[in-house]
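K.L.:
no sequence for this one, just the structure:
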Ligand code: SF4
Ligand code: SF4
């Protein structure tokens, strides 16, 4: 961790991107949210907010439009609470507040381009006159899995540069997190990567538990692992299904995977009350014990249904010639480069690096289970697909072991309280989320809400590698390269 | 052999296609007959998984949560809520507003006069139900709440939120039994 003390007025830092290109998007984000300039950054832009946004929202002196008071809960709610529209309280109502020297009429977005450009030098090839064309994909293109935009410059069909544009789903999760009390943040973390809410819960509670110095009881640990691994199955199945969608096999394979995921969501719903936004874990345990009959049902799913479904899926996809033709060798980026671009998760493991946080720095009770970390070294989309397939099998294996070992007993350490006491200090907890390394960094100053709350979002940071992975491939390939990164926009934009 | 992978893949699709018909035959009379079928499908099921909403619905598990409801005693007609304010304090998006009742002398008493939940903000997290010390607020299973305007339709006041305890007991049979047992145990301890 790198800490720097800067003047509040004109904060400026030298960029680290020349030595470590994987910091590009993160530095963009810091500039956007904190207003810290980076000297030597190749393309510093407001990445999550737009340029017409006044101020840098993560700074403590910036207050959101519906600001009532520091921290939550608000005293207006009780004992004299009267409902009023938050919108009515905003002083400037419908008027937008622009920063100085900003004119929406003349504004041009930072990812600017000339739509058609003569190819410098051109590969003229005699009389043929070539041009560069900019193709804008998104933000509402089905292949981008949400509201995400790729601005690609093409020469023929070959990509020569590609810029990701994001922030359409930005809710300033971290600012909200700094105004929430600790427990209120748990349901908010569900909304990061909404396909794997259980792992998000897990990462966050681990970070707070580290600060509080408590550990959940045995049974709760097992429940957590079961849930987190089932989430991995869900998330990977989803990503495999949608990779096929991106290839043009519209929805048949996706629905085959979604169907198995459906059964897991049923399990989540029975235990937690919600299918996707589970809000299931608490500091020092889980919210409620598993209902009667849950373990039996889970047994059927995990021992019987899922292995069969995965076999069928493999038979369906793995040796399919169309998949091989489209995915093999596409999106190549060597292991060394992937590390340089701060990539984590299945993409890294598809490049021969067996880096899995569950193995290198076991959290919770992962050291008790027997599972393998995949080793494929194709560095391409096809191997990323195979890594996910392999990990689904391993996740099922972990759940099987956990189901056999799960003890009876308590599910909560201490008494469950709606306001927890978190001692001052800082903690970083990281887990191997389905998308990569998910980290929560929390600074507490002993107050009911965190002083600083930061999410290391794998979907966001993995996008550093999008451009280098796409360059030189066809425009149609960029869709599957993105699909193989497997981003979820809730987490990318936060 | 080149193309074998594709052929095998089509085999899987064909099997799935046949499965849906086998499933239909097994489920005579047809699942589409009659009104609003309630579908309950488990890990043993094959065939069609799609539920034809709104003609069909899923069975909801007991813990399903949507928008909170306030409980009122069947016999006495009293609200369980004591206006302690914990739910309003713990609610993450802060969508609960409570006004505490006062007696003639203007001293606050343990009863709400008004209780609002803004359903357009509620994130269905269930924290209010989890931390209410009096089991007065629980999560309703009613999810067909679409309305044409946000205000006032989606801001529920106390009357709109209130349901009878017997309704709750029917929605949450296991949980209700557990709570009643805990309550009886507590009362017994107190009387000793
Ligand atoms: S619903 Fe429960 S927590 Fe909320 S004010 Fe009433 S008694 Fe207190
Ligand atoms: S369910 Fe959550 S968001 Fe909705 S009222 Fe209760 S605490 Fe608030």
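P.N.:
Done, it's in. These figures come from a predicted structure and were not determined experimentally. Ligands and ions are numbered 1, 2, ... in the order given.
K.L.:
please name the nearest non-neighbouring residue to residue A:394.
P.N.:
Once its chain neighbours are removed from consideration, residue A:394 has its nearest residue in residue A:371; the separation is 4.5 Å (Cβ to Cβ, 6 or more residues apart in numbering or on different chains). Just so you know, the C-beta spots here come from the backbone N, C-alpha and C atoms, and that holds for glycine as well.
K.L.:
that neighbour: what's it in contact with?
P.N.:
With contacts taken as Cβ atoms under 8 Å, 6 or more residues apart in numbering or on different chains, residue A:371 has the following neighbours: A:358, A:394, A:395, A:397, A:398.
K.L.:
and what of residue A:376?
P.N.:
Contacts for residue A:376 were tallied using Cβ under 8 Å, 6+ apart; they are A:349, A:350, A:352, A:383, A:386, A:387, A:390.
K.L.:
for ligand 2, see how far away it is.
P.N.:
To ligand 2, residue A:376 is 43 Å away according to Cβ to the nearest ligand atom, to the nearest Å.
K.L.:
that residue is in what secondary structure piece?
P.N.:
Using DSSP states H and E, residue A:376 sits in no helix or strand.
K.L.:
need the helices for the stretch 251-400 of chain A, in chain order.
P.N.:
With DSSP state H, counting those that start in this stretch, the ranges of helices along the stretch 251-400 of chain A come out as A:252-272, A:294-299, A:306-317, A:321-327, A:335-340, A:346-349, A:357-360, A:381-405.
K.L.:
give the buried residues for the last one.
P.N.:
The reference is to helix A:381-405. In terms of neighbour count (16 or more other Cβ atoms under 10 Å in any protein chain shown), helix A:381-405 has its buried residues at A:381-403.
K.L.:
before we move on, what about the fifth one?
P.N.:
By neighbour count with 16+ other Cβ under 10 Å, helix A:335-340 contains the buried residues A:335, A:337, A:338, A:339, A:340.
K.L.:
pipe these into CSV and attach pLDDT per row.
P.N.:
Shown next, in CSV, are the buried residues of helix A:335-340 (pLDDT from 0 to 100):
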residue, pLDDT
A:335, 86
A:337, 87
A:338, 87
A:339, 88
A:340, 87
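K.L.:
just give the nearest non-adjacent residue to the residue in the stretch 101-250 of chain A that ligand 2 sits nearest to, would you?
P.N.:
Of all residues in the stretch 101-250 of chain A, residue A:187 sits closest to ligand 2, with a separation of 6.9 Å (Cβ to the nearest ligand atom). Setting aside the residues directly before and after it, residue A:187 is nearest to residue B:125 in space (Cβ to Cβ, 6+ apart), at 3.8 Å.
K.L.:
thought the one you found was touching residue A:189?
P.N.:
No - in terms of Cβ atoms under 8 Å, residue B:125 does not count as a neighbour of residue A:189; the distance is 11.1 Å.
K.L.:
contact partners of the worst-scoring helix or strand of chain B on mean pLDDT?
P.N.:
The helix or strand with the lowest mean pLDDT-type score in chain B, counting by mean pLDDT, DSSP states H and E, is strand B:37-39 (a mean of 74). Outside strand B:37-39, the residues within contact range by Cβ under 8 Å, 6+ apart are B:31, B:51, B:55, B:56, B:57, B:58, B:59.
K.L.:
break the chain down into its domains, please.
P.N.:
You didn't say which chain, so I picked chain A. Taking automatic domain parsing as the reference, chain A has its domains at A:1-79+A:97-104, A:116-165, A:173-493.
K.L.:
please go with chain B instead
P.N.:
Listed domain ranges for chain B are B:4-58, B:68-184 (source: automatic domain parsing).
K.L.:
now for the ones you listed, which one comes closest to ligand 1?
P.N.:
domain B:68-184 (3.2 Å).
K.L.:
strands of chain B, start to end?
P.N.:
Counting by DSSP state E, residue ranges of the strands within chain B are B:37-39, B:56-58, B:68-72, B:96-102, B:108-118, B:137-139, B:155-156, B:162-164.
K.L.:
can you redo these as JSON lines with distance to ligand 1 and mean neighbour count?
P.N.:
Shown next, in JSON lines, are those (distance: least, Cβ to the nearest ligand atom, whole Å; neighbours: other Cβ atoms under 10 Å in any protein chain shown):
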{"stretch": "strand B:37-39", "distance to ligand 1": "31", "mean neighbour count": "14"}
{"stretch": "strand B:56-58", "distance to ligand 1": "28", "mean neighbour count": "14"}
{"stretch": "strand B:68-72", "distance to ligand 1": "6", "mean neighbour count": "24"}
{"stretch": "strand B:96-102", "distance to ligand 1": "6", "mean neighbour count": "20"}
{"stretch": "strand B:108-118", "distance to ligand 1": "7", "mean neighbour count": "18"}
{"stretch": "strand B:137-139", "distance to ligand 1": "4", "mean neighbour count": "24"}
{"stretch": "strand B:155-156", "distance to ligand 1": "13", "mean neighbour count": "20"}
{"stretch": "strand B:162-164", "distance to ligand 1": "11", "mean neighbour count": "16"}
